[in-house]
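*Asks:* give me a model of this one.
(2 chains, ligands or ions: 2)
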Amino acid sequence: MIGFIVRRLIGIIPTLFFSSLLIYSILLTAPGGPEVRFAQNPKVTTAQIDAFRARWGLDQPIPIQYCRWIGVCNTRTGTKQLADDPVGGLASLFISPQGVPNFLPSGLGGGDNGVLHGDFGYSSTNGQPVVSVIGGRIAATAILGGVALVVWIALALFSGVIAAVNRYGKADTIITIFNYVGFSFPTFWLGLMLILLFAGTLNWLPSGGMWDVREVPIFGTDEYTQLLRERPVFVLLDLARHLVLPVITLVFVNIAGDSRFVRAAMIDALGQDYVRTARAKGVAERRVIVGHALRNALLPVVTNVALELPFLFTGAIVTETIFSWPGMGRAYIEAVSEYDYTVLMGILVVTALIVVLANLLADIVYAIVDPRISYG
Amino acid sequence: MTTDLDPGAHALRAGVGDVLLDVRDLRTHFKVMDGLVKAVDGVSFSIRRGGRLALVGESGCGKSVTALTIMRLIDQPPGLIAGGEIMFNGRDLLKLSDQEIRKIRGGQIAMIFQEPMTSLNPVLTVGAQLTEAILLHQETDKKGARRIAQTALEDVGVADAKRRLDQYPHELSGGMRQRVMIAMALSCNPALIIADEPTTALDVTIQRQILELIKDIQTRTGAALLLITHDLGVVAETVDDVAVMYAGRVVETGSVEEVLLHPRHPYTRGLLESIPSQGKRGKPLSVIKGMVPNPFRMPPGCKFQPRCPYQWGECATGEAPLISLGEGISSRCLLHDPRFRDRLAAYDTPMGDPA
Ligand SMILES: Nc1ncnc2c1ncn2[C@@H]1O[C@H](COP(=O)(O)OP(=O)(O)OP(=O)(O)O)[C@@H](O)[C@H]1O
Ligand SMILES: [Mg+2]
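*Replies:* Numbering: from 1, shown residues only, chains lettered A, B, ... in the order given. Ligands and ions are numbered 1, 2, ... in the order given. Reported below is the predicted structural model:
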């Protein structure tokens, strides 16, 4: 099992490398660059723009820009400097200040810049390290996504099983209609309607945000953590109130696929011979459904859910925007609108990593739940 | 027929009158898109306590549906038990509540299915599947159930039973899985074992072993056996009585000697004549002409009439009931209707068996 996981982990390295190349190329082909945000500003001169480009290394050849970002090259700039370098020529670019190849971990004397060393650079709009910009956002997204996922899987399993057991019956029809309605709802419309009803007309729930700005400090700060420790019920209740509407939106719009998937897997399982065997043993129907059919139906469902995990990080973009949730999705939208290339690339790389890890997780979980799979 | 028959069986049967299972005029239909399939439409037979009966007939004649109806395992809908009685130990199984029938399933009536490869749950260990039934029907705890399961596995000739309990079905061969199914069936000491073509999916050498095992278990435990098969060779070796089915009906019943050596119904005759045997070497094999009737276009009279070499005008319109001919022998053929006694005389010249 351990060997299997290690082999798969090694296997994801090339995948990640190619996705980083791809992300880089796609952003390059997009018109403009980080300096585009000055284009509309008449006060910014061409000389200032050139200086900005030089400061961020945007005047370097593109392969070098990539190598620096990824961490294979060091960050010394200027071809003139290079010519004076003792190692001489281009080769010196790949050598860390300690004189060993730059891509090695900094503990071994490698460089400390670039994605390989956990350095995603600095936000080109506010100068903060990308890691700290994204870090807090990941936590916020994980909370929203995690809660939504739990609710959504529970409901998908429940509704899928009920629909399968009552196939073509009343309950099945109602669940099917509910699924298709949810599936067809545009997220933004549903979100706005929920806000209108529950935050506007009824005034039961907050219309957006993750905490009550009047009572609770900013999420992720030490003050927030301290208040959480002092008054956990108050802070968590506040968080829960803010979670209700975005979670409903995410679940309602996204449950259809999984609910149908569970239904199909259950119908398949219920028709199998071993279910008949269980009934022939005198096993009660509820136990036949849960202990025998669902146990088998879970195999494809588990894989499907694991593969959907990344979607919670990326797919919540619209929901996070509507409900002003300070998560990855909103950070992504902000980065795009502000031409914050470093943050954008950071988010894309993290997303790629999540996708790859989710795939790995799907394989591992499948191997665990299905006794027929051997860790080849 | 050259297969050896046990002459003692007949004498034994004559003395015992205690009926365990009595199926009377059972009708199980299915509502499908194209109409109503009358899969079982008039099945009657009975099994004595400790007796052995084979239900034989061509594929699709309703043998499995009959067995599943006895177990009340027909999904309704699309299934519909349209009529009949299944008296088991003096109670009509069709009138029991869901909870009462669950106590009988696996406890008093156990079933062995045709497909050992798919009949065990792939994600549960053999032990878990065996103990589940034991815990349901016997007063014991988990440990006790495991012991009983292990004994049951040993009883059916599974070597290394203790280790097998922790294995998953995919780690066992087909024959081994069928042994597990048999162990499951016998673990709760049922009064009746229904085996639905238990050897069809296995290769020939294993078939023999499994059949021997079922016979052995049956004699040892004294359980009654309802064996479903289309292999008449198996019938001759395994059971005392036979019920022959055609198009959802029982068309002939009788002791194994009577049915195999003196078949009453033309369909049974056709079946027997189509089996290759040593005595018939060199002669062309006869087959029953024509096809099994389409379930949506059943002949109005006798269902076998279109294929029957002995049919006459009456057969196309009138269908005989199962006519009792004494000693448990019965036939659903107009030839045995007293009105047509003269025709029977011509028909009744014994079947050509040179042996
Ligand atoms: N669930 C169902 N829905 C509709 N029709 C069914 C259903 N189950 C069985 N039938 C029909 O009932 C008839 C009898 O089927 P059954 O399985 O009892 O045959 P069988 O005698 O066991 O044949 P075999 O030797 O092939 O096992 C078939 O024509 C089949 O199409
Ligand atoms: Mg069958």
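*Asks:* gap between the residue nearest the centre of chain B and chain A?
*Replies:* Nearest to the mean C-alpha position of chain B, counting by C-alpha atoms, centre = their mean, stands residue B:228 at 2.7 Å. In this view, residue B:228 and chain A are 14 Å apart by C-beta to the nearest C-beta, to the nearest Å. Placement of C-beta: from N, CA and C, glycine included.
*Asks:* then residue B:219?
*Replies:* 23 Å.
*Asks:* what's the answer for residue B:156, then?
*Replies:* From residue B:156 to chain A the distance is 16 Å (C-beta to the nearest C-beta).
*Asks:* now do the contacts for that residue.
*Replies:* Counting by C-beta atoms under 8 Å, 6 or more residues apart in numbering or on different chains, residue B:156 touches B:179-180, B:182-183, B:186, B:213, B:217.
*Asks:* and of those residues, the nearest to residue B:296?
*Replies:* residue B:182 (37.7 Å; C-beta to C-beta).
*Asks:* test my guess that that closest one contacts residue B:210.
*Replies:* Yes. Using C-beta atoms under 8 Å, residue B:182 is in contact with residue B:210, at 7.4 Å.
*Asks:* the closest residue to ligand 1 within the stretch 151-300 of chain A: neighbouring residues, count only.
*Replies:* In the stretch 151-300 of chain A, the residue that lies nearest ligand 1 is residue A:271 (9.7 Å; C-beta to the nearest ligand atom). Using other C-beta atoms under 10 Å in any protein chain shown, residue A:271 has 11 neighbouring residues.
*Asks:* what residues does chain A have near chain B?
*Replies:* By C-beta under 8 Å from any C-beta of the partner chain, the residues of chain A that approach chain B are A:272-274, A:276-285, A:292, A:295-296, A:299, A:369-372.
*Asks:* of the residues you listed, buried ones?
*Replies:* A:272-274, A:276-283, A:292, A:295-296, A:299, A:369-371 (16 or more other C-beta atoms under 10 Å in any protein chain shown).
*Asks:* quick one: which of these sit in helices?
*Replies:* Those of those mapping onto helices are A:273-274, A:276-280, A:295-296, A:299, A:369, per DSSP state H.
*Asks:* contact partners for the residue of the stretch 201-350 of chain B found nearest chain A?
*Replies:* Closest contact between the stretch 201-350 of chain B and chain A, by C-beta to the nearest C-beta, is at residue B:201 (10.9 Å). Counting by C-beta under 8 Å, 6+ apart, residue B:201 touches B:114-117, B:174.
*Asks:* what's the closest of these to residue B:327?
*Replies:* Of those, the one sitting nearest to residue B:327 (C-beta to C-beta) turns out to be residue B:114, at 31.7 Å.
*Asks:* gap between the two ends of stretch A:33-50?
*Replies:* 12 Å (C-alpha to C-alpha, to the nearest Å).
*Asks:* in it, which residues are buried?
*Replies:* For stretch A:33-50, by 16+ other C-beta under 10 Å, it's A:33-35, A:37, A:49.
*Asks:* now stretch B:153-164
*Replies:* Those would be B:153, B:155-158, B:161, B:164, for stretch B:153-164 by 16+ other C-beta under 10 Å.
*Asks:* then stretch A:307-322?
*Replies:* Going by 16+ other C-beta under 10 Å, stretch A:307-322 has these buried residues: A:308-322.
*Asks:* who's in contact with stretch A:334-344?
*Replies:* Contacts for stretch A:334-344 (C-beta under 8 Å, 6+ apart): A:27, A:32-37, A:120-125, A:130, A:133-134, A:331-332, A:347.
*Asks:* neighbours around residue 184, how many?
*Replies:* With no chain named, the answer covers chain A. Residues near residue A:184, counting by other C-beta under 10 Å: 9.
*Asks:* if you could check chain B rather than the one you did, that'd help
*Replies:* Neighbours of residue B:184 using other C-beta under 10 Å come to 29.
*Asks:* what does the one 5 residues further on give?
*Replies:* Residue B:189 sits with 13 neighbouring residues when counted by other C-beta under 10 Å.
*Asks:* shouldn't residue A:297 be in contact with residue A:269?
*Replies:* Yes. The pair residue A:297 and residue A:269 qualifies as a contact (C-beta under 8 Å) at a distance of 4.4 Å.
*Asks:* looking at the two, which is more packed in?
*Replies:* Taking neighbours as other C-beta under 10 Å, residue A:297 and residue A:269 compare with residue A:297 leading, 26 against 22.
*Asks:* excluding chain neighbours, what is closest to the more buried one?
*Replies:* residue A:265 (3.8 Å; C-beta to C-beta, 6 or more residues apart in numbering or on different chains).
*Asks:* list the helices and strands the helix or strand harbouring that neighbour packs on?
*Replies:* Secondary structure from DSSP states H and E places residue A:265 in helix A:232-270. Applying 3 or more C-beta pairs under 8 Å, 6 or more residues apart in numbering or on different chains; DSSP states H and E, we find helix A:232-270 packed against helix A:130-165, helix A:170-184, helix A:187-194, helix A:222-230, helix A:295-314, helix A:317-322.
*Asks:* just name the most buried of these.
*Replies:* Highest mean neighbour count of the helices and strands packed on helix A:232-270: helix A:317-322, a mean of 22 (counted as mean count of other C-beta atoms under 10 Å in any protein chain shown).
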